[in-house]
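Novice: here's a sequence, model it:
(2 chains)
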Amino acid sequence: MDSMRSWLAASIAVHALILALIIFGLPYFHTKPKDMAPMISVELVTVGKETTTKQVSDANKVKEHPQEEQPAPPTPPPPQAEQPPKQEPQPTPPQPKLEPQPAPKLPDVASEVPDLTTPDLTVKPSFKDMPKLAAVDTAVPALAVPTKPDFKKVPPKPQVDQFQAVLKNLTKDPPKPLTDAPPVPKAKTPPTERTGAQAPIAANLTASEMDAVRQQLNGCMNWPAADKDLRDLQFDVDLTINPDRTVASARIVDQGKMSDPVFAAAARAALRAVRMAQCTPLDLPPDKYQSWQEMTVTFSPPRG
Amino acid sequence: MIQQIWSGRLSGIVALCFAFFAAGTAQARVHIDVTGNINPLPIAVTELQAQAGADPSVGASISDVITSDLRNSGAFRPLDPASFIQAAQAAADQPRFADWKVLNAQALVTGVVAAEPDGRLRADFRLWDVTDQAQLAGVSYRFPPQAQSYRQIAHMIADVIYKTLTGEDGYFNTQVVYVAESGPLDRRVKRLAIMDQDGANNRILGDQPSSLILTPRFSPNSPEITYMAFMGAKPRVFVRNIETGRQEPLGDFPGMSFAPRFAPDGNHVIFSQAIGADTNIYVMDTRTRAIQQLTNSGGISTAPSYSPDGSKIAFESDRGGQPQIYVMDAGGGGAHRVSFGQGSYDDPVWSPRGDWIAFTKRQGGQFYIGVMRPDGSGERTIASGAHVEGPTWAPNGSVLMYFKQQWIGQTQSRTRIYSIRITGQNEHEIPTPTDASDPAWSPSLTQ
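Specialist: Model prediction:
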């Protein structure tokens, strides 16, 4: 019985094939097909639903008008729905640190000049002692380097403790709890909302998501204007990123080259770039924390 | 049978899908390539604050010179002090980095100037990384209370900033010797003058042997220059100490001697001598006065310039028909042509870093200043004009000066010295009180 069914299925398939050959294979008598357009090679790239390349696509805004009429693209709504609730917690309490205030608030900041116990000063423990100055005597040798009474208006130790949590996030070696105890409920919940077929794709960054963060970092990286040949200066920076998309730690992979002052200056520029206000937080999809919590950025100078 | 085959295939497909799924969920490290930009670095230079009875104008003067140096380098974009939020005094006590971040400053300069008990002044300066909120450099200088000292201290501070943030040595604490020109073009007076690299402290050197002096060149390691002076109709090579003013001819040669330049050791001077129809290159040990001829190819070989390691010499020769650049061993021999572009090439000058040779090029009635690799590759022109000539390197090998003559009608011209990065960017005139030509950049004066 079973074998009869399979023979029947095979027979149907063969007949369908013959029918298809008749329909598509016979010559087309009425009109000659026009010249074939040259083939365009297309590379398929996975593009996520929540694309984050709004800024990148701004350059093509002329094309956006017809797109507005098309209800077809299913992508726009989800990110707008997701982002507002996530941006709200940022200005609130979590980190009293590097957030630059918008321009209108500047007068307020200036009025706080005498207040030396601002978060900025307590973030860095190195401010307990102003670094020593190298002494250069243009005429008489060996005068003592001045002591630093003026510079000792430093935050007392208790304040450092007060910001211990902040310091932990900024230390170059990320504290283990960050990686061991995954504070990533967001990353785990979204996949359950998706179909089984979408889940593995969503766990990785899509091309457009990677392009978004690349564009963001491109805008922050400013190479030193050294006229030495920059071609040899390509280097990697390993990043560990907090769930809030701020950089927890950044490390130059090739430490051996730091003795070269031009390399060191370029490396410092890269470390500045990943912590710059324009790159904080990084333009990464918040629900894919496990994909980007560890990242390697290769910096290579522009050509020409 | 078919069923078996199908079930086998099915399990294979399932296994493949599973493998795909597993690979997809494995967390590979994200890798991103970033190119970035090369733009002038935004920097905030605050006024050095007066303390302990110091004149407040001193700190202001120092800050002005630092700002000017950094801006003129083309590598920095000093921010307008009117935009500063935190007061300079407060910043000198303790920078509040949020205030500087708002301005997009990436680096911050703070400091104080104080009077010392011995009558001198002390300038403490600190360079801060605004993003990292850390001190990058801090130096304390003591100096006599004279205007010239303020400028020099400012140049030294600018050198530290430049070195720290670009990785390359600064070139601000340097001087330039040049030829100050005056009088009508057919009876030109050309005298030696010296100035700071920014045009300040300009003065004519006293007691010069002639009123027609050309091609001054600095010693790489002593306060000496060598130059050519016309003694009547005969050019001769001189060496002069710019601190003491003592000068003497290099030697008494049978022919015309010209185009002198020091060797990297400072103890040898290489020059050209014309005897009969030929011009060849010679080197003299200034201690023993021993002389050695390095070329003997016929025609003209001139404008020699050592590589910084002293092993090679670039020079100009017309042995192939028209003037081209050649490179030979320091002892003579092994000469080979390295310039092969259109036009003729003059005045090769080897970079202090050894990576480029600068030159003057003439093609189609136009002059060019250019650079090429020592093997002749990578040639590019960086400046041009009806008459541009005489490139000289900053000691860090990233900036050139040259002179440009611009005609005003048929009988008058304006000749000035210009500075330009070897990228061709940031070309600007160096202010001089008179026409100026043949610049020669000193080594760094910072010990």
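Novice: output the below-cut-off pLDDT ranges for chain B.
Specialist: By pLDDT under 70, the weakly predicted segments of chain B are B:1-28, B:447.
Novice: residue in it with the shortest distance to chain A?
Specialist: B:Gly36 (2.9 Å; Cβ to the nearest Cβ). For every residue, glycine as well, the C-beta is placed using N, CA and C.
Novice: how about that residue: what's its closest non-neighbour residue?
Specialist: Counting by Cβ to Cβ, 6 or more residues apart in numbering or on different chains, B:Gly36 lies nearest to A:Met221, which is 2.9 Å off, once chain neighbours are set aside.
Novice: go on, B:Ile213?
Specialist: On the basis of Cβ to Cβ, 6+ apart, the spatially nearest residue to B:Ile213 that is not a chain neighbour turns out to be B:Ala229, at 4.9 Å.
Novice: what residues are bridge-paired with that neighbour?
Specialist: Each beta-bridge partner of B:Ala229 is listed here, defined by DSSP bridges: B:Ile213, B:Arg236.
Novice: ok, it to B:Phe271 distance?
Specialist: 13 Å (Cβ to Cβ, to the nearest Å).
Novice: ok, now A:Phe263?
Specialist: Computed as Cβ to Cβ, the A:Phe263 to B:Phe271 distance reads 39 Å.
Novice: more neighbours: which of those two?
Specialist: With other Cβ atoms under 10 Å in any protein chain shown as the criterion, A:Phe263 and B:Phe271 differ in neighbour count, and B:Phe271 comes out ahead with 25 against 20.
Novice: what sits against the nearest residue to B:Phe253 once chain neighbours are set aside?
Specialist: In space, and not counting its chain neighbours, B:Phe253 is closest to B:Gln273: 5.5 Å by Cβ to Cβ, 6+ apart. Contact partners of B:Gln273, counting by Cβ atoms under 8 Å, 6 or more residues apart in numbering or on different chains, are B:Phe253, B:Pro254, B:Gly255, B:Met256, B:Ser257, B:Thr279, B:Asn280, B:Tyr282.
Novice: buried only: go through these for me.
Specialist: Neighbour counting with 16 or more other Cβ atoms under 10 Å in any protein chain shown marks B:Phe253, B:Gly255, B:Met256, B:Ser257, B:Thr279, B:Asn280, B:Tyr282 as buried within these.
Novice: and of the residues you listed, the nearest to B:Val237?
Specialist: Checking those against B:Val237 by Cβ to Cβ gives B:Ser257 as the nearest, at 4.6 Å.
Novice: who's in contact with residue 236?
Specialist: All of this is about chain A. When contacts are taken as Cβ under 8 Å, 6+ apart, A:Asp236 is in contact with A:Ile252, A:Val253, A:Asp254, A:Thr296, A:Val297, A:Thr298, A:Phe299.
Novice: other chain: chain B
Specialist: With contacts defined as Cβ under 8 Å, 6+ apart, the neighbours of B:Arg236 are B:Met228, B:Ala229, B:Phe230, B:Pro249, B:Leu250, B:Phe253, B:Met256, B:Ser257.
Novice: what's the local residue count around the first one?
Specialist: When counting by other Cβ under 10 Å, one arrives at 25 neighbours for B:Met228.
Novice: could you list every residue that touches it?
Specialist: Contacts of B:Met228 were listed using Cβ under 8 Å, 6+ apart, and they are B:Ile213, B:Leu214, B:Thr215, B:Pro235, B:Arg236, B:Val237, B:Phe238, B:Ser257, B:Phe258, B:Ala259, B:Pro260.
Novice: repeat that with 6 Å
Specialist: Residues in contact with B:Met228 (Cβ atoms under 6 Å, 6 or more residues apart in numbering or on different chains) are B:Leu214, B:Thr215, B:Pro235, B:Val237, B:Phe258.
Novice: would TSV of these with neighbour count and distance to chain A be doable?
Specialist: Conversion of the contacts of B:Met228 to TSV gives the following (neighbours: other Cβ atoms under 10 Å in any protein chain shown; distance: Cβ to the nearest Cβ, whole Å):
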residue	neighbour count	distance to chain A
B:Leu214	18	29
B:Thr215	22	26
B:Pro235	21	35
B:Val237	25	32
B:Phe258	22	31
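Novice: which two in these are spaced the farthest apart?
Specialist: The most widely separated members of these, counting by Cβ to Cβ, are B:Leu214 and B:Val237 (10.6 Å).
Novice: give me the distance between A:Thr298 and A:Asp238.
Specialist: Counting by Cβ to Cβ, the gap from A:Thr298 to A:Asp238 is 11 Å.
Novice: B:Lys163 belongs to a helix?
Specialist: Yes - secondary structure assignment (DSSP: H, G, I helix; E, B strand; the rest coil) places B:Lys163 inside a helix.
Novice: counting neighbours, what do you get for it?
Specialist: Residue crowding around B:Lys163 was assessed by other Cβ under 10 Å; the count is 17.
Novice: check contacts around it.
Specialist: Contacts for B:Lys163 (Cβ under 6 Å, 6+ apart) come out as B:Asp169, B:Gly170.
Novice: tell me which element B:Ala60 falls in.
Specialist: With elements taken from DSSP states H and E, the one containing B:Ala60 is helix B:56-73.
Novice: next, see if that helix gets close to chain A.
Specialist: No - with Cβ under 6 Å from any Cβ of the partner chain as the measure, helix B:56-73 is seen stopping short of chain A, the closest distance being 7.9 Å.
Novice: list the buried residues of that helix.
Specialist: Applying a neighbour-count criterion of 16+ other Cβ under 10 Å, one finds B:58-63, B:65-73 buried in helix B:56-73.
Novice: any idea what B:Val113 is bridged to?
Specialist: On the basis of DSSP bridges, B:Val113 takes part in beta bridges with B:Ala50, B:Ala123.
Novice: that one contacts B:Ala123, doesn't it?
Specialist: Yes - applying Cβ atoms under 6 Å as the test, B:Val113 and B:Ala123 come out as touching, 5.0 Å apart.
Novice: looking at those two, which is more packed in?
Specialist: Using other Cβ under 10 Å, the more surrounded residue of B:Val113 and B:Ala123 is B:Val113, with 29 against 25.
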